[in-house]
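**Q** how would this look folded up:
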Amino acid sequence: MGDKDRFSLLPRVINGSIAGIVGVTCVFPIDLVKTRLQNQQPGPKGELFYKSLPDCAIKTFRNEGFFGMYRGSGVNLLLITPEKTIKLVGNDFFRYHLATTDGALPLGREIVAGAGAGLCQIVVTTPMELLKIQLQDAGRSDLLSVYLASVDLSENAGKVMTEGAGGAAVKPARLSATKITLELLRTRGILGLYQGCGATALRDIFFSAIYFPLFANLNKLGKRREGSDQAVFYHSFLSGCLAGCTASFMVNPFDVVKTRLQTLSKGKGEIHYSGIVDCFSKILSKEGPKAFLKGSLCRILVIAPLFGIAQTVYYLGVAEYLLGIRK
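**A** Have a look, this model is predicted:
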């Protein structure tokens, strides 16, 4: 069997694209809540704007409506195809080329393959995450400004205001990915779109180095499809969910730092960070170790089904079916 037969690129690109679009559409509202929780900093007296995951989701929906839960999804849907393609295809590519002559792939090489895929994807992931975060966090910033302007913290510490003056819902500022991109290019050049690249690399490299080997080994344990060496779809789904849960929880501290560094517009009184080390140290000293777990439940709720869906689509061979290729 020739190399072309053993590693066909087009089906993998199509499968990665379908998986990414379906997954993002399903879990994006939870991802928005995750971003807002991770960006939340305690007020002068330790008060928190959002008390919990459900509280954040309810306040966001109440003030911004159904479509507000999908703020920033456009840029994600646009760039998720190359991002997921690079991640999934990259891992397969490295696994293929790192395999020994007898086709085996030791654990060390599996980890290297996953890390390589994570490193490659940051070319797309960094600007995608940067733009998405600005759009997702706009509503939180606007509500926080109204809160600080209208609540006497000395008498109402911990009280969270969910509506603007006069009881009217707060309408977040109108932003667009195009407007943010053009402004960054004008003021900072192309490197402006890569703010937080180092933190993104830390998160994605470690995530992929954990996720892909874990998924591959879990997937090996499942029942095989009749006449195929591939696992049945439900086992691939569960393997993707479990591996995604584990990897996402372990890299959540990097994700918190990445989110803070990539938030361009800070609310009144919120801390600014000069880099990864500065961000880590300030979060640790001012908010404690638990702050690095902010949004971890949301991230698990996002990543588990996202990668479960991705691996199911990828391993079911949807693209092969559409292209008439025997998998």
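
**Q** make it CA atoms for all contacts and neighbour counts henceforth
**A** Noted.

**Q** Flag the shaky bits of the stretch 1-150 of the chain, pLDDT-wise.
**A** 1-8, 44, 139, 141-150 (pLDDT under 70).

**Q** Would you mark the buried spots in stretch 101-109?
**A** 105, 109 (16 or more other CA atoms under 10 Å).

**Q** Now it - C-alpha only, PDB.
**A** Written as PDB, here are the backbone C-alpha positions of stretch 101-109 (Å, rounded to 0.1, in the frame of the first residue of the first chain):
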ATOM      1  CA  THR A 101       9.000   0.300  10.900                       C
ATOM      2  CA  ASP A 102       6.600  -2.300  12.200                       C
ATOM      3  CA  GLY A 103       3.800   0.300  12.600                       C
ATOM      4  CA  ALA A 104       4.000   0.600  16.400                       C
ATOM      5  CA  LEU A 105       3.900   3.900  18.100                       C
ATOM      6  CA  PRO A 106       5.500   4.100  21.600                       C
ATOM      7  CA  LEU A 107       3.900   6.300  24.200                       C
ATOM      8  CA  GLY A 108       6.700   8.800  24.000                       C
ATOM      9  CA  ARG A 109       6.200   9.300  20.300                       C
END
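
**Q** Which elements pack onto the strand or helix carrying residue 245?
**A** Using DSSP states H and E, residue 245 maps to helix 233-250. Secondary-structure packing of helix 233-250 (3 or more CA pairs under 8 Å, 6 or more residues apart in numbering; DSSP states H and E): helix 197-220, helix 296-316.

**Q** List the buried residues for it?
**A** 233, 235-250.

**Q** Helix 197-220 and that one, what's the angle between them?
**A** Orientation check (axes from the mean of the first three to the mean of the last three CA atoms, to 10 degrees): helix 233-250 against helix 197-220 gives 150 degrees.

**Q** for the record, mean pLDDT for helix 233-250?
**A** The predicted model assigns helix 233-250 a mean pLDDT of 89.

**Q** Now do that helix: distance to the chain's middle.
**A** In terms of CA atoms, centre = their mean, to the nearest Å, the centre of helix 233-250 is found 15 Å from the chain centre.

**Q** Quick check: what element follows it along the chain?
**A** Sequence-wise, the next helix or strand downstream of helix 233-250 (DSSP H and E) is helix 252-262.

**Q** what does that following helix contact?
**A** Residues from elsewhere that reach helix 252-262 (CA atoms under 8 Å, 6 or more residues apart in numbering): 35, 38-39, 129-130, 133, 195-196, 199-200, 202-203, 273, 275-276, 279-280, 292-296, 299.

**Q** quick one: the helices in the stretch 101-250 of the chain?
**A** 107-150, 177-188, 197-220, 233-250 (DSSP state H, counting those that start in this stretch).

**Q** Which one of these lies nearest to residue 81?
**A** Between residue 81 and the helices of the stretch 101-250 of the chain, the shortest gap by CA to CA is with helix 107-150, which sits at 9.8 Å.

**Q** Now do the same contact list for residue 90.
**A** Counting by CA under 8 Å, 6+ apart, residue 90 makes contact with 113, 116, 117, 120.

**Q** nearest to residue 181, of those residues?
**A** Among the contacts of residue 90, residue 120 lies closest to residue 181 (CA to CA), at 21.8 Å.
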